[in-house]
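**Q** requesting a structural model of the entry that follows:
(4 chains)
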There are 2 protein chains.
Amino acid sequence: MAGKKLKVESCNCTIIHNEVVDDVKKGMPQEETLYDLAELFKVFGDTTRIKILYALFQAEMCVCDIAALLKMNQSAISHQLKVLKQARLVKYRREGKVVYYSLDDNHIKQIFDQGLVHIKEKS
Amino acid sequence: MAGKKLKVESCNCTIIHNEVVDDVKKGMPQEETLYDLAELFKVFGDTTRIKILYALFQAEMCVCDIAALLKMNQSAISHQLKVLKQARLVKYRREGKVVYYSLDDNHIKQIFDQGLVHIKEKS
DNA sequence: TAAACATATGAACAATTATTCATATATTGA
DNA sequence: TCAATATATGAATAATTGTTCATATGTTTA
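**A** You can find the predicted model right below:
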């Protein structure tokens, strides 16, 4: 309506550095990009999925193999593979009853390696 | 006690590729490393924190600035900055009443850039 | 076609977590 | 010392999510 606020008053502080804020705002990536990026890292933010990906760095494996490797039940692995599939991180091929999963991305390892550098520096 | 199972029977499948599983197991990083890596990515797996980090790529900012930029209240930002601080991703300096936050890691940008490459390839 | 097996999936549950609200702490200046 | 302001934080709440269980789907072989 007529009296609609133009600016959401969400910070109760007297903003000190308007210029900085405006400049930074212009330099921010698109909202959608930031959302997608967070979604991607969310996928990496689970030990089970990290383990699956590290396993697949080494070899193509079927669901049962992964379950045995991680000592988890088949259902849990299958659910997580679905998440990885949706994020386009793994692909699969069927051979009879068996479904083989493998990596579908060359950047994952690099991302992980950079992550490890951070961890080692800060520990 | 005496009858303790040596192997947890968590996968109900007949394991097909024992050799692959054993080899992969040997090549897996330490449990703790994988856990830490997942914890790091968990920090990146939130839009608000991603935004804060992207903001800090550009400039040092105080809590109020960030709150104004993201149109979120000061408390929410402060909580998230705490998470980023604990992960050693940001550092801060106090100047009177104002606390300025800035990046404490050079790898973040590279990790994010690789993430963006993945997103763009797959969209 | 039926049995056996590998995988997928929906529902339920427990655990984690982001945000809000209220309030505490810390610093400055009057 | 008191008021004002910036930031931090504990508790509560709502939403998300990982795992399990039960069961469905799909494939092979007898």
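
**Q** now the helices for chain A?
**A** Counting by DSSP state H, one finds helices in chain A at the ranges A:18-27, A:31-44, A:47-58, A:63-70, A:74-86, A:108-122.

**Q** and the second one, average pLDDT?
**A** By that I understand helix A:31-44. Across helix A:31-44, the average pLDDT comes to 98.

**Q** cool, and the fifth one?
**A** Average pLDDT, helix A:74-86: 98.

**Q** in that helix, which residues are buried?
**A** For helix A:74-86, the neighbour count (16 or more other CB atoms under 10 Å in any protein chain shown) marks A:Gln74, A:Ile77, A:Gln80, A:Leu81, A:Val83, A:Leu84 as buried. Where you see a C-beta, it was placed from the backbone N, CA and C, and this is true even at glycine.

**Q** anything in that helix near DNA strand C?
**A** Yes: remark: helix A:74-86 sits within contact range of DNA strand C at A:Gln74, A:Ser75, A:Ser78, A:His79, A:Leu81, A:Lys82, by CB under 7 Å from any atom of the strand.

**Q** and that helix with DNA strand D, contact?
**A** Yes: using CB under 7 Å from any atom of the strand, helix A:74-86 reaches DNA strand D at A:Ser75, A:Ala76, A:His79, A:Gln80, A:Val83.

**Q** that helix near chain B at all?
**A** Yes: on the criterion CB under 8 Å from any CB of the partner chain, helix A:74-86 is in touch with chain B at A:Gln74.

**Q** tell me what that helix is packed against?
**A** Secondary-structure packing of helix A:74-86 (3 or more CB pairs under 8 Å, 6 or more residues apart in numbering or on different chains; DSSP states H and E): helix A:47-58, helix A:63-70, strand A:90-95.

**Q** and if you look at the third one?
**A** Helices and strands in packing contact with helix A:47-58 are listed as helix A:31-44, helix A:63-70, helix A:74-86, strand A:90-95, strand A:98-103, helix A:108-122, helix B:18-27, helix B:31-44; criterion 3+ CB pairs under 8 Å, 6+ apart.

**Q** output the helices and strands packed on helix A:74-86 as JSON lines; include the columns mean pLDDT, distance to B:Tyr101 and mean neighbour count.
**A** Listed next are these as JSON lines, based on pLDDT from 0 to 100; distance: least, CB to CB, whole Å; neighbours: other CB atoms under 10 Å in any protein chain shown:
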{"stretch": "helix A:47-58", "mean pLDDT": "98", "distance to B:Tyr101": "28", "mean neighbour count": "20"}
{"stretch": "helix A:63-70", "mean pLDDT": "96", "distance to B:Tyr101": "38", "mean neighbour count": "23"}
{"stretch": "strand A:90-95", "mean pLDDT": "97", "distance to B:Tyr101": "36", "mean neighbour count": "13"}
